[in-house]
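J.: Structure of the sequence below:
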Amino acid sequence: MGDGKTRRTDTRDPRWSRERALKILFQADVRGVGPDQVVAHLDEDEAARAILDEVDDLADDRVLLPPMAGEPGVEVERVDEAGERTARARRQTPVADAGAPLDGFTRSLVTGVHDHRAEIDELIARYARRWQISRMPAVDRTVLRLATYELLHESTRPAIVIDQAVILAKGLSTEDSGRYVNGVLESIRRHLADRDGPIDVDGRVGIDVATETGDSDTQGDVR
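T.: The predicted model follows:
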């Protein structure tokens, strides 16, 4: 590109990476386990990754994956035979790269949300419009956490972060969720703009190394 700005090299599809990160964080939330435990389970089980990729609705806060060893209240060594048949059947679903290993961007997002959870939740709570985070649908608060982390700690343009978060909320939750997520994140974006400096015409806060061509995210330094 000639300006020192490069495409992300830790993902082939940032949108898909975000969706996977969202589902991992959502699954950890509804199961009451750490996201690192979900990641470790997915690293070991291609069928579980395929199941995760196949899910297209999180609105009912349902558990997505078979029980995991070490999960509170669960003692399992493996998925039972019926579960294995279900996993094999779901792997036939024509989802692009279903069951592929987790990429670096997915891992970075999951780890970042987990490591900065207190900071993220404090900011969401400030602009949650009288909603307590604990009372939000799990998918909505997970979308907000994921996008807020990216606004705070990744170099993606804020306009892209918010747009992708709204798409995820509408696609995996409800139309109302999309509108709500947009409103909260726009308030957070303005807060960060006031804190960090003016927003340029592309919707970037302060000095932002990210650029975008077409549908692909780009970044300065791959994390």
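J.: alpha carbons only for contacts and neighbour counts from here, please
T.: Fine.
J.: Can you show me the strands along the protein?
T.: 6-7, 212-213, 216-219 (DSSP state E).
J.: These: lowest mean pLDDT?
T.: Per-segment mean pLDDT for those reaches its minimum on strand 212-213, at a mean of 35.
J.: how about the top helix by length along the chain: buried residues?
T.: Identified as the longest helix of the chain according to DSSP state H is helix 175-196. Residues 177-178, 180-189, 192-193 are the ones in helix 175-196 that count as buried (16 or more other Cα atoms under 10 Å).
J.: chain center to that helix, what's the gap?
T.: The chain centre lies 16 Å from the centre of helix 175-196; the measure is Cα atoms, centre = their mean, to the nearest Å.
J.: Can you pull out the low-pLDDT segments for the chain?
T.: The model of the chain has pLDDT under 70 over residues 1-6, 66-96, 197-223.
J.: Please repeat the previous calculation with a cut-off of 50.
T.: Counting by pLDDT under 50, the chain contains low-confidence ranges at 1-5, 74-94, 198-216, 219-223.
J.: Distance-wise, check the spatially most central residue of it relative to Asp43.
T.: In the chain, the residue lying closest to the centroid (Cα atoms, centre = their mean) is Leu22, at 2.9 Å. As judged by Cα to Cα, to the nearest Å, Leu22 and Asp43 stand 16 Å apart.
J.: just to revisit the earlier point, how about the residue nearest to the centre of the chain, what does it touch?
T.: When contacts are counted by Cα atoms under 8 Å, 6 or more residues apart in numbering, Leu22 touches 110, 142-143, 146.
J.: Take the residues you listed and write them to TSV, including neighbour count and distance to Gln164.
T.: Output for the contacts of Leu22, formatted as TSV (neighbours: other Cα atoms under 10 Å; distance: Cα to Cα, whole Å):
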residue	neighbour count	distance to Gln164
Val110	23	16
Thr142	24	13
Val143	30	10
Leu146	25	11
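J.: So which of these belong to helices?
T.: Counting by DSSP H, the part of these found in helices is 110, 142-143, 146.
J.: want to throw those residues into a markdown table with distance to Asp29?
T.: Shown next, in a markdown table, are the ones in helices among the contacts of Leu22 (distance: Cα to Cα, whole Å):
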| residue | distance to Asp29 |
| --- | --- |
| Val110 | 12 |
| Thr142 | 8 |
| Val143 | 12 |
| Leu146 | 13 |
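J.: between the residues you listed, which is closest to Ser155?
T.: Leu146 (13.8 Å; Cα to Cα).
J.: Confirm for me that that closest one is in contact with Arg107.
T.: No. Using Cα atoms under 8 Å as the test, Leu146 is too far from Arg107 to be in contact (11.9 Å).
J.: Excluding sequence neighbours, find me the nearest residue to Ala128.
T.: Closest residue in space to Ala128, ignoring its immediate chain neighbours: Val184 at 6.0 Å, by Cα to Cα, 6 or more residues apart in numbering.
J.: Next, the contact list for that neighbour, please.
T.: Going by Cα under 8 Å, 6+ apart, Val184 touches 124, 127-129, 144.
J.: Quote the end-to-end distance of stretch 150-157.
T.: End to end - Cα to Cα - stretch 150-157 spans 9 Å.
J.: Return the set of buried residues in that stretch.
T.: 150-152, 154-157.
J.: how close does the residue nearest to Ala128 get to Leu102?
T.: For Val184, the distance to Leu102 - Cα to Cα - is 29 Å.
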